[in-house]
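Enquirer: sequence and predicted structure below; questions after.
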Amino acid sequence: MQVYIEYLSLRTLLYGVLNELLDDEVGNDKPRINYYIDATRLGKIAANILGKLFNFQIKKLVFEMRHVKDDCGELIRLRIPRKDLFDIQEKIISSDAFRSLRKDEWKHTRVDDFVRKGLIDGSIMDKKSVSRAIFLINVIAWHQQQTNASRVKLLLTRRAWWDIYKQYALSVGVELKGTGRKGAFWRDSTGLKGLIRKYPRLYAFSKSVSSGRFKFKPAKSDASIPKLYLDGRGDVNLESNGYQSDFFWLLNSEFPAGNVLYDFHSEEEERVLEDYGIVVANGNVKCISNDNAGMVSSQKKCRKYKDEFNSVRSLIIAYNSTKAYWNSFFRAYGVKVFFSWYKYDNKHMAIADAVKEAGGISAVWQMAFVGFKGIHSAMNTDIAFHHSNWSVNIEQQLDSKIGYHVITGYPKDYATPLLRRQAMDLRAKMKSSGAKKIVLVIDENSVDDSRWHTGHTLQRDNYRFILEKVLKTPWLGVVFKPKTSKTLRSRLGEVNELLAEAEVTGRCHVYEESGRYTTSAPPILAGLSADVCLHGHLSAGTAAVECALEGIPTLLIDREGCPDSKFYELPEGKVIFKNWLDAIDALMEYFKAAQGIPGFGDWSEIIGEFDPFRDGKAANRIGTYLYWLIQGYEQGLNRDIIMADAAQRYSKIWGNDKVISINSV
């Protein structure tokens, strides 16, 4: 039996790990090799000492996420939200434990969906998430194949719904054993953090202080003026220049700046926002409701399902505290519309209930293209702005609860006329240095620990192969549009030397100006300079879609493995490639061919499914729709009438098929 330990510490060693390491060792002359995922220094020292005494070895399991694939070649990391989590969620919901803990009153708010999504929330980066546990089980199954071990056992921190995890593990040939003290997994929900969340006034104060913008004087704002609170991505750009901006819809419509509320994160941001007339939040929100008003309750403590009870209770506490805080926030500032892009956890559901209690409306705009059904994209909101009917279909498959689906087209399509001259200037500059053909390369971000992310190595390949070709080919130029430019040079490591060498030639350019988190230059700015766009990842293709919508030949490289993506309707060998070398060979053949290659980089067969308008007015449609909502509040109408009127007006202008009302939220 080969043993794998999720977390090796002195505590876990004493609570179950040591017994498993000693199991079946009596009489074995050759020490068995065991593995740990993470460990404390003291845990490793103690395990090594005991190993010498009892004839076993223990060492760190070395693996990279990019190598862990299933038999179909799909990256396990991508398969988990596409398939595995749906199965786990369904088994949890249908379990006796969950049925006994669930309350009928949850159906009257978004609590039911908040809990359901909360049960499987979190990525593999989160140590306590379902995704991390499922991924580790698959890592062990993958390593078993690499080592030809006959039997393997994973010692995993015991958690709620344990029998479901055990069944899943057995399905891939892994025996699962729980470690740690019973109930320890949920202790933070009953500790200081849980205590603070249980009392809305205390939670509101702690959240205000931690915001970084706290001032002892209460917020000053005319609450009689209906406002839209914008939950942005940190792109505080109020110039109509085509660059990334949280205010793209404001800049392209008649929506009044004075009806917008926004959080600032620096004095410079505060100055820019106030100069434009936007209302800023100062971080001090006083809870204006009674501690127990509007609170949702969980079942009384259940001894039979202790871990499951603590799991559900922690979600109910999180819902109550989140809703109470945001309800107070919205009432203090007179917010009537909550507008966000972030739907990837359950928090937006509690906020949607908070704004509803304040008589307001919740709305979400589609930031990223979604090529397949992923469980973390499920949402519950009053209004959702979609790129196309394809996006609506995805949400319906996810059983998202959306009052009005509003199809607007791709929201950043207004940028091309604003950016074309700048793009042509760069193209002319690179041509003057000898570049006859130019390729745009688009990448994603990476983190240091390649166990939980595709890692720096995969990202470095996005630069290495094309840079080597540029340095060998005097007529070839390259433009890079990194997703996160702030850390690019350090993440590239030795490849940065190649980049610097290429930049000296004048045939290489990197867009490095950054917003708060991501590169401020949009993909289309770089794409307009290029003859061909090349996205190094098929699973995250929003930037590629942006370029393809403009008719620029665009290629995708599926190194991770994402066979269920909508993109696989595009032809392999002309649009989709499996690796960089094949893509570059095809690219060079295309550039050298006098008449090009028919169908190369051509998305025409499916591009209409991603934006039915393609007229540069998507941002205007979103901004105008939001303005109609605010105007409804200025007229003293209630939220249901306002939403119905806005949908009717939009349908009259853009067609009945562009607004779909399915659920009453």
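Expert: All right, it came through fine.
Enquirer: Lys336: which element?
Expert: Taking DSSP states H and E as the definition, Lys336 sits inside strand 335-340.
Enquirer: so where do the helices sit in the stretch 551-665 of the chain?
Expert: Using DSSP state H, counting those that start in this stretch, the helices of the stretch 551-665 of the chain run over 580-592, 618-634, 639-654.
Enquirer: I'd like these written out as a markdown table, with distance to Val441 added.
Expert: Glycine gets a C-beta too; all of them are placed from N, C-alpha and C. Below are the helices of the stretch 551-665 of the chain laid out as a markdown table (distance: least, Cβ to Cβ, whole Å):
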| stretch | distance to Val441 |
| --- | --- |
| helix 580-592 | 10 |
| helix 618-634 | 26 |
| helix 639-654 | 36 |
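Enquirer: out of those helices, the one nearest Phe56 is which?
Expert: For Phe56, the closest of those is helix 580-592, at 42.3 Å, according to Cβ to Cβ.
Enquirer: what's that closest one packed up against?
Expert: Where contact means 3 or more Cβ pairs under 8 Å, 6 or more residues apart in numbering; DSSP states H and E, helix 580-592 is packed against helix 455-472, strand 532-535, strand 554-557.
Enquirer: for the strand holding Lys336, packing partners?
Expert: Using 3+ Cβ pairs under 8 Å, 6+ apart, strand 335-340 sits against strand 227-231, helix 306-333, helix 347-357, strand 361-365, helix 618-634.
Enquirer: the fourth one: which residues count as buried?
Expert: Residues of strand 361-365 classed as buried: 361-365 (neighbour count, 16 or more other Cβ atoms under 10 Å).
Enquirer: if we take these, which one ends up nearest to Lys481?
Expert: Nearest to Lys481 among these: Trp365, at 21.8 Å, using Cβ to Cβ.
Enquirer: which one is that closest one nearest to, not counting chain neighbours?
Expert: Leaving aside its chain neighbours, Trp365 sits nearest to Phe385 (4.3 Å; criterion: Cβ to Cβ, 6 or more residues apart in numbering).
Enquirer: next one: Gly360
Expert: Using Cβ to Cβ, 6+ apart and skipping residues adjacent in sequence, the residue nearest Gly360 is Lys336, 4.2 Å away.
Enquirer: quick one: contacts for that neighbour?
Expert: Residues near Lys336 by Cβ atoms under 8 Å, 6 or more residues apart in numbering: 226-228, 330, 355, 358-361, 629-630, 633.
Enquirer: how does it look with 6 Å?
Expert: 226, 360, 633 (Cβ atoms under 6 Å, 6 or more residues apart in numbering).
Enquirer: ok, now Thr542?
Expert: If you count contacts by Cβ under 6 Å, 6+ apart, then Thr542 has 368-369 around it.
Enquirer: pLDDT wise, what is it at?
Expert: pLDDT recorded at Thr542 is 93.
Enquirer: do the same with Leu458
Expert: pLDDT for Leu458: 89.
Enquirer: from Phe567, how far off is it?
Expert: Using Cβ to Cβ, to the nearest Å, Leu458 is found at 18 Å from Phe567.
Enquirer: how about Ile438?
Expert: Going from Ile438 to Phe567 by Cβ to Cβ gives 23 Å.
Enquirer: which of the contacts of Lys336 has the most neighbours?
Expert: Within the contacts of Lys336, most neighbours by other Cβ atoms under 10 Å means Gly360, with 27 neighbours.
Enquirer: pLDDT score for that residue?
Expert: Per-residue confidence for Gly360 comes out at a pLDDT of 98.
Enquirer: ok, now Lys306?
Expert: Per-residue pLDDT puts Lys306 at 89.
Enquirer: and Gly371, by the same measure?
Expert: 92.
Enquirer: near it, how many other residues are there?
Expert: Counted with other Cβ under 10 Å, Gly371 comes out at 22.
Enquirer: for Ala428, same thing?
Expert: 10.
Enquirer: and it, what element?
Expert: Secondary structure from DSSP H and E places Ala428 in helix 416-432.
Enquirer: in CSV, could you pull the C-alpha coordinates for that helix?
Expert: The C-alpha coordinates for helix 416-432 follow below in CSV (Å, rounded to 0.1, in the frame of the first residue of the first chain):
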residue,chain,number,x,y,z
THR,A,416,-11.8,49.4,-32.6
PRO,A,417,-12.3,52.9,-34.1
LEU,A,418,-10.7,54.5,-31.0
LEU,A,419,-7.6,52.3,-31.2
ARG,A,420,-6.9,51.8,-34.9
ARG,A,421,-4.6,54.8,-35.4
GLN,A,422,-2.4,53.8,-32.4
ALA,A,423,-2.3,50.2,-33.7
MET,A,424,-1.3,51.4,-37.2
ASP,A,425,1.4,53.6,-35.7
LEU,A,426,3.0,50.6,-34.0
ARG,A,427,2.6,48.5,-37.1
ALA,A,428,4.4,51.2,-39.2
LYS,A,429,7.2,51.4,-36.5
MET,A,430,7.8,47.7,-36.6
LYS,A,431,7.7,47.6,-40.4
SER,A,432,10.4,50.3,-40.4
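Enquirer: average pLDDT for that helix?
Expert: On average, helix 416-432 scores 97.
Enquirer: what are the buried residues along that helix?
Expert: Neighbour-count burial for helix 416-432, counted by 16+ other Cβ under 10 Å, picks out 416, 418-419, 422-423, 426-427, 430-431.
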